[in-house]
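In: Please find the sequence and the predicted model below.
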Amino acid sequence: MLNDYPQVVTIAGSDSDGSAGMQADLLTFFAKKVYGATIITACVAGNSFGIHAGVNMDADFISQEFKDLADDFHIRAAKTGMLADADIINTVADNYEKYNFGPLVVDPVIITKHGDMLLEQAAYETLVQRLIPLAEVLTPNFFEAVKLSGLDPELHDFQEKAAYKLQEMGARNVMVKGRHDQKEQETVTDYVLLENGQSFKMTEPYYETTHKNGTGDTLSAAITAELGLGKSVETAIRSAKKYVDACIKNGINVGHQFGPINHWASN
Ligand code: PXL
C-alpha cells in the first residue's frame, strides 16, 4: 500500500566524520530496516580528534523541513540529537507539537565524550521546559542525568533517583545510562524506569576501546527504529541495547584517535 513502509525521522546535527549524530542515526535506521528521514539542525566539522567548527540551521529552515516531511511522509517515530541552542529547541518543540510524528525519543545531547559542547549553556532551561515533557523516552548518559536532575552523583542509587526526577519533569520513560569512566570498572549498568512505574537494570561487561563515538546516538536511534516498527518501549530499549553492544564489540578501524562503532554488526 502507498506510503506504508515504516518511516522514522532524526532531528539532529550532521557530523562530518560520519561516526556520530545524524550519520550514526541513519546507519542505525538502515540496519534496523526502517526508512530514515532527517531534519538537520546543525552541522559540525570534525574528525576522530574532535570537533573544530559548527554552523546552526536557522529556525525557518528547520520548520520547512518539518513541513515537507509532514506533507508527504508517514513518520511513525522521531528522535532528537544535537539541538545546539534555545531557538532551535523551541522551533523543534513547536513543530513536533504541530505535526504527528509518533513517539519522540529525546537524547539530551549536551557535550561529547571528549568534551566538545553541543548545546549552549543558556539552553539547558529550554531543554528542560520544552523538550523533556515531550519525551516518550529520555536517554541521558550519566553526566547528562547529573546535569538535568541536579542530583548528587555520589548519592546511593543515583541512577534510580535521577530517573524518578526526570519522570517528574515530564519524560514518560527514562533510561539513565551507566558511567564508564571509572578506572578498572568491570561492568556498566543502565537503569530504566518505565511509565507504569516498573523498572529494570541492564548490566554488561565493560568493553575497553577508543572506538565508541556515536554510541548514544545509535542507542536512541535504535529505540526510535523499534518504536517505528510498533514495538513496546521495554522491547525497544532492550533490543536497542543489544544492537549497540554488538556495534561496539565488533569495531572497525577508522581514523587515528576516537573512532566509530560498527553498524554492520548483526542485530
Ligand atoms: O555523539 C554525540 C553527537 C551528536 N551529534 C553530533 C555530534 C556528536 C558527537 O560528536 O557530532 C552532530
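Out: Done, it's in.
In: Near residue 126, how many residues? Count them for me, please.
Out: 19 (other C-beta atoms under 10 Å). Bear in mind the C-beta positions are built from the backbone N, C-alpha and C, glycine included.
In: so after the longest strand seen in the chain, what's the next helix or strand?
Out: Counting by DSSP state E, the longest strand found in the chain is strand 35-47. From strand 35-47 onward toward the C-terminus, using DSSP states H and E, the following helix or strand is strand 50-56.
In: strand partners of that next one, parallel vs antiparallel please.
Out: The pairing partners recorded for strand 50-56 under DSSP bridges are strand 35-47 (antiparallel).
In: got the residues of the stretch 51-200 of the chain near the ligand?
Out: Residues of the stretch 51-200 of the chain lying close to the ligand (C-beta under 6 Å from any ligand atom) are 51, 81, 82, 109, 112, 118.
In: The longest strand of the chain: how far from the chain's middle?
Out: Relative to the centre of its chain, strand 35-47 is centred 13 Å away, using C-alpha atoms, centre = their mean, to the nearest Å.
In: With stretch 136-150 instead?
Out: On C-alpha atoms, centre = their mean, the centre of stretch 136-150 falls 11 Å from the chain's centre.
In: re the thing from before, and the furthest pair within the residues of the stretch 51-200 of the chain next to the ligand?
Out: Taking C-beta to C-beta as the measure, these span a maximum distance of 13.7 Å, between 51 and 81.
In: neighbour count winner among the two?
Out: The neighbour count for residue 51 versus residue 81, taken as other C-beta under 10 Å, is higher for residue 81 (28 against 20).
In: In contact with the spatially most central residue of the chain, which residues are there?
Out: Nearest to the geometric centre of the chain sits residue 107, at 3.3 Å (C-alpha atoms, centre = their mean). If a contact means C-beta atoms under 8 Å, 6 or more residues apart in numbering, then residue 107 has 79, 80, 81, 139, 216, 217, 219, 220 as its contacts.
In: Identify the farthest-apart pair in those residues.
Out: 80 and 219 (13.4 Å).
In: ranges for the strands of this structure?
Out: Under DSSP E, the chain gives strands at 7-15, 35-47, 50-56, 75-80, 104-106, 137-138, 173-176, 187-193, 199-205.
In: Could you dump those strands into JSON lines with mean pLDDT and distance to residue 258 added?
Out: Shown next, in JSON lines, are those (pLDDT from 0 to 100; distance: least, C-beta to C-beta, whole Å):
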{"stretch": "strand 7-15", "mean pLDDT": "98", "distance to residue 258": "12"}
{"stretch": "strand 35-47", "mean pLDDT": "97", "distance to residue 258": "9"}
{"stretch": "strand 50-56", "mean pLDDT": "96", "distance to residue 258": "8"}
{"stretch": "strand 75-80", "mean pLDDT": "98", "distance to residue 258": "22"}
{"stretch": "strand 104-106", "mean pLDDT": "98", "distance to residue 258": "24"}
{"stretch": "strand 137-138", "mean pLDDT": "98", "distance to residue 258": "25"}
{"stretch": "strand 173-176", "mean pLDDT": "98", "distance to residue 258": "23"}
{"stretch": "strand 187-193", "mean pLDDT": "96", "distance to residue 258": "18"}
{"stretch": "strand 199-205", "mean pLDDT": "95", "distance to residue 258": "20"}
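In: Let me have the ones you listed in JSON lines, adding distance to residue 264 as columns.
Out: Converted to JSON lines, the strands of the chain look like this (distance: least, C-beta to C-beta, whole Å):
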{"stretch": "strand 7-15", "distance to residue 264": "19"}
{"stretch": "strand 35-47", "distance to residue 264": "16"}
{"stretch": "strand 50-56", "distance to residue 264": "25"}
{"stretch": "strand 75-80", "distance to residue 264": "21"}
{"stretch": "strand 104-106", "distance to residue 264": "23"}
{"stretch": "strand 137-138", "distance to residue 264": "25"}
{"stretch": "strand 173-176", "distance to residue 264": "25"}
{"stretch": "strand 187-193", "distance to residue 264": "23"}
{"stretch": "strand 199-205", "distance to residue 264": "20"}
